[in-house]
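Asks: What follows is a predicted protein model with its sequence.
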Amino acid sequence: METIIITERKKSVITDSILLTVFCVVPLFFLIRWLFLVDEGRIFIIFLIIVTLFFPVVVVSGYIWDVKQKIILSEDSIKLCYGRNFVDIMHFEGGFSIPADHETPWSKVKGFHIDVYERQEPTEGGGYSTTTKYSLIVKIKNKDRNDGDFVKFSPNYYGISLGKFEEHPNTILNICEDYMKNVEKEP
């Protein structure tokens, strides 16, 4: 069978370049012009130039630290490859380190499930803003563990967030389930 790789959608380079132009290049042009025209207060203008140059550093860092999440479906196993991006690091949802990949052979996979998490927050004008987060849950068979076996750790599932993937979560679920059925059919 052919290996299927499901990845996150790509960053928008066009959006980032427009933001860099509006918030960095244009103010930098006027600040440098102001620096040559003024006789006093150059230290303040140099400070503003340094602050303006901080924005491109953040954008470039976003490209350097961006590692895309992937779901790899192969004949032997399903592999969940975790990633990170600069926004997650800034929001303390992730760290600079990337969690280890989880590779599970098809013989240990029991099934798949989509976990939906909704969060409502009040808005200023009244009403609520709802945020929905999806995760793909890979259920694991635990044949080597009894109910009374507390010493041996064996997870019941692995999960990966589906918020930034190109395909809809239900489409990803269907792809994984169909692939698992095809693997089980083959001798």
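Replies: That came in fine, so what should we check first?
Asks: hey, where'd the strands end up in this structure?
Replies: Here the chain has its strands, by DSSP state E, at 4-7, 70-73, 77-81, 102-105, 109-122, 128-140, 157-161.
Asks: For H168, which of those is the nearest?
Replies: Nearest to H168, of all these, is strand 128-140, at 8.8 Å by CB to CB. For glycine as for every other residue, the C-beta is placed from the backbone atoms N, C-alpha and C.
Asks: Which positions within the closest one qualify as buried?
Replies: Y134, S135, L136, I137, V138, K139, I140 (16 or more other CB atoms under 10 Å).
Asks: Now for the nearest residue to K110 once chain neighbours are set aside: which residues touch it?
Replies: Nearest residue to K110, sequence neighbours excluded (CB to CB, 6 or more residues apart in numbering): K139, at 4.1 Å. K139 sits next to V109, K110, G111, F112, H113, N156, Y157 when contact means CB atoms under 8 Å, 6 or more residues apart in numbering.
Asks: And T131, by the same measure?
Replies: T131 makes contact with E118, R119, Q120, E121, according to CB under 8 Å, 6+ apart.
Asks: Can you pull the domain assignment for the chain?
Replies: As recorded under automatic domain parsing, the domains making up the chain are 13-64, 69-185.
Asks: first to last residue in the last one, what's the distance?
Replies: Okay, so that is domain 69-185. 28 Å (CA to CA, to the nearest Å).
Asks: what mean pLDDT would you report for that domain?
Replies: Averaging pLDDT along domain 69-185 yields 82.
Asks: cool, the shortest one as well?
Replies: Computed over domain 13-64, the mean pLDDT rounds to 81.
Asks: quick check: longest helix of this structure.
Replies: Longest helix of the chain, by residue count under DSSP state H: helix 42-64.
Asks: thinking again about what came up before, rebuild the buried residues of strand 128-140 as a markdown table, extending it with distance to S74.
Replies: Output for the buried residues of strand 128-140, formatted as a markdown table (distance: CB to CB, whole Å):
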| residue | distance to S74 |
| --- | --- |
| Y134 | 23 |
| S135 | 21 |
| L136 | 16 |
| I137 | 19 |
| V138 | 14 |
| K139 | 19 |
| I140 | 17 |
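Asks: number of nearby residues for D16?
Replies: 15 (other CB atoms under 10 Å).
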